[in-house]
Structure formats: structure tokens, C-alpha cells
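Enquirer: structure for this input, please:
(one chain, ligands or ions: 2)
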Amino acid sequence: MTKLIAPSILAADFGNLQRDIEMVNSSDADWFHIDIMDGVFVPNISFGMPVLKAISQHAKKTIDVHLMIVDPDRYIQTFADLGANVLTVHYEACTHLHRTIQAIKAAGMKAGVALNPHTPIAVLEDIIKDLDLVCIMSVNPGFGGQSFIENTYKKVSQLKHLIEFSESSCQIEIDGGVTDQNANALVEAGADVLVAGSFVFRSDDPTATIKNLKAIVN
Ligand code: DX5
Ligand code: ZN
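Expert: Ligands and ions are numbered 1, 2, ... in the order given. Just a heads-up that it's a prediction; the model follows:
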């Protein structure tokens, strides 16, 4: 299956947001990755609903929303209404994860679960068949531009095995510190979707950087 590239809008130039969205639209990228942070689950606040609404008005590709917020159930319908196609919640933020996943699907979105770097893959054993996506955090969530955590490769392999063993159709997404130096190894380990923020938007030519990443993994 084709491997996907998801530029993280957190690293875009918010003063030129429409320009950066159009850049992604016309690039080889597959998804828009949108990071929503509440300053409680993670020690940072990114942006909220009005900004996502503006992004949705211009984005012509899949909108992949990564919620780094407590009690995400409160906003599932809101994110559906704002145009999210994939909605990912954190395992660590959901007491009733099964219920949350069902609610995301009932709202017409694909359902994802993100795992912090310290959270083992094994906690997903009894939910993996219900998931469309697992996002393995390869940095501690909250900020762009951090260094990739090497233990991620092991987790990707473990998750790939769990997905195959369970006959789940879930995709594996990697989020944090992705560059042209680790992209191929991540895909070799089993990744399907690579999120890249700083590496894309801090480069001299983001369109070419996306094209290059896409070529590396396919
Ligand atoms: C981190 C976010 C990431 C971030 C990735 O909490 O979830 O999506 O934007 O940024 P880079 O690619 O710069 O690590
Ligand atoms: Zn993210």
C-alpha cells in the first residue's frame, strides 16, 4: 500500500496560513495533520476551532486531527462538523476509550488512538480491531521541532505484529521528529503515515521536501 505523508500545520507560518495550505494542496502530500493542544493534557496551547474552520475551507486533502486534550468526548461532534476526516484521541486522556472510539465512528470519522512514548503497545490489544489508526508519538507531545525517540522503531514493529495477528485494518502513523534520515526505516518497520512538521516547513523548499519524503517511502 502507498505510504502517506502528512505535513503538520503546527509548523506552518500562521501569518500566511492560506499560502501554506495551498502549498500542501498542490504538493505530493496526502493528509493535513492538525494538532489541537489544550494546555492541560500537554504543556502548550496550539489553536482551536476557528483556525481549524479556516484550514478546512482551503484544504483539499484528508484532514487528520490529533487531539492533545483532556476529555475529548466533549468535542467529537464539533470536530466532525469542522471537517475532520480522521480524529485521533490520546490513550492517556480517555478513561472509556471504547466508548470514545464508537462515538468518533458514529460521527462519520475514522478513529485513531495516539500513544505517548512511555505507553506500551500492549494496552491496545483489546481495542485494535476497532481502530482505523494508531499514532505512535515519537516525541513527547506538545511541541514541534523535537528530536526523534529511537525506541519508536521497536514500538512500530510490535504494533505491526499486533495488527497482523488481530487481522485489524488499522494504519500506523508516526508523529514527531520525522526527517529524511528516519523515514525509510520507519516504513520498513511497518509505518503507513509519516507526520512531518519542522522538517517540511523549516526547509528552503517545502514542496520539494514533501516530494522527496514521499519518494523515500514509496
Ligand atoms: C507534537 C505534534 C506533532 C508535531 C510534529 O506534539 O503532535 O504533530 O507538529 O512536529 P515535528 O515534525 O516538528 O516534530
Ligand atoms: Zn500531531
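Enquirer: give me the pLDDT value at Phe1.
Expert: Small correction: residue 1 is Met, not Phe. If you check Met1, the pLDDT there is 86.
Enquirer: so it versus Ile121, what's the distance?
Expert: Met1 sits 21 Å away from Ile121, going by Cβ to Cβ, to the nearest Å. C-beta: built from backbone N, CA, C; applies to glycine.
Enquirer: again with Lys110
Expert: Counting by Cβ to Cβ, the gap from Lys110 to Ile121 is 20 Å.
Enquirer: can you tell me which residues in this structure are near ligand 1?
Expert: With Cβ under 6 Å from any ligand atom as the criterion, the chain meets ligand 1 at residues 8, 10-11, 33, 35, 66, 139, 141-146, 175-178, 195-199.
Enquirer: ok, the closest residue to ligand 2 within the chain - contacts?
Expert: Here the residue of the chain nearest ligand 2 is His66; by Cβ to the ion that distance is 3.7 Å. Taking Cβ atoms under 8 Å, 6 or more residues apart in numbering, we find His66 in contact with 33-36, 88, 112, 114, 135, 175, 195.
Enquirer: and with 6 Å instead?
Expert: 35, 88 (Cβ atoms under 6 Å, 6 or more residues apart in numbering).
Enquirer: quick one: Trp31 and Ile63 touch, right?
Expert: No - applying Cβ atoms under 6 Å, one finds Trp31 not in contact with Ile63, separated by 7.4 Å.
Enquirer: re earlier: which of Met1 and Ile121 has more residues huddled nearby?
Expert: Neighbours were tallied for Met1 and for Ile121 using other Cβ atoms under 10 Å; the higher tally belongs to Ile121 (20 against 6).
Enquirer: let me know the pLDDT of the residue nearest to the more buried one when sequence neighbours are not counted.
Expert: With sequence-adjacent residues excluded and distances taken as Cβ to Cβ, 6 or more residues apart in numbering, Ile121 is closest to Gln158, at 4.3 Å. At Gln158, the predicted lDDT confidence score is 98.
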